[in-house]
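J.: Here is my input, please return the structure:
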Amino acid sequence: MTLTINTHRLPEPTMAIAIEPQGAIGAEADAELLQDRFIMVLAATHPERIVLDLSAVPSISEAGIGALVNGFDLAAASDASVTVVQPERQVREQLQRRGLDVLVDHDRSRKV
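T.: Okay, the predicted model is just below:
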C-alpha cells in the first residue's frame, strides 16, 4: 500500500490542522513525505495545533518515528502543539517504547 497523506483544517476556535497519513510508514521516502507534510503545514497555515491521526497507519519504521520526532520539533519551534490520535496498537506500542506516548490523546472516541 502506498502512503498517502491527507490534510485539512479542523473546525476549532483555534487554528488547527489535521494530518492523516494512510498506509504504512516504512521506507525512508515515506518518512520524508511525512516530515515534508509537517513543513508544508507549518509554513502555509501557521497553526496553533496539529492533530496527527494515525488510525490508518498499521506500522511505522524507525525512519517514520524519526520523521514524527522531527515534525514535533518543527512544530514546537513554530509555537504549535502536536497531538497524536487513534494510533493502531502496534504504532502505539512503538511510540510507548520511545517515550513518545505522552503525545497521544488517549480519548479513543476522538476522531478528526
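J.: Residue 51: which element?
T.: Assigned by DSSP states H and E, residue 51 belongs to strand 49-53.
J.: partners of that strand, with directions?
T.: strand 16-22 (parallel), strand 81-85 (parallel) (DSSP bridges).
J.: Out of these, which gets nearest to residue 28?
T.: Among those, the nearest to residue 28 by CB to CB is strand 16-22 (15.0 Å). (C-beta placed from N, C-alpha, C; glycine too.)
J.: tell me what the helix or strand following that closest one is packed against?
T.: Going down the chain from strand 16-22, the next helix or strand is helix 28-45, by DSSP H and E. Helix 28-45 sits against strand 4-9, strand 16-22, strand 49-53, helix 62-77, with contacts defined as 3 or more CB pairs under 8 Å, 6 or more residues apart in numbering; DSSP states H and E.
J.: just to revisit the earlier point, can you say which of the strands paired with strand 49-53 is packed in most?
T.: Highest mean neighbour count of the strands paired with strand 49-53: strand 16-22, a mean of 21 (counted as mean count of other CB atoms under 10 Å).
J.: Now do it: distance to the chain's middle.
T.: Centroid displacement of strand 16-22 relative to its chain, using CA atoms, centre = their mean, to the nearest Å, is 7 Å.
J.: What of stretch 94-101?
T.: Here stretch 94-101 is found 14 Å from its chain centre; the criterion is CA atoms, centre = their mean.
J.: Could you pull up the mean pLDDT of it?
T.: For stretch 94-101, mean pLDDT rounds to 86.
J.: who's in contact with that stretch?
T.: With CB atoms under 8 Å, 6 or more residues apart in numbering as the test, stretch 94-101 has contacts from 60, 65, 68-69, 84, 87, 92, 103-104.
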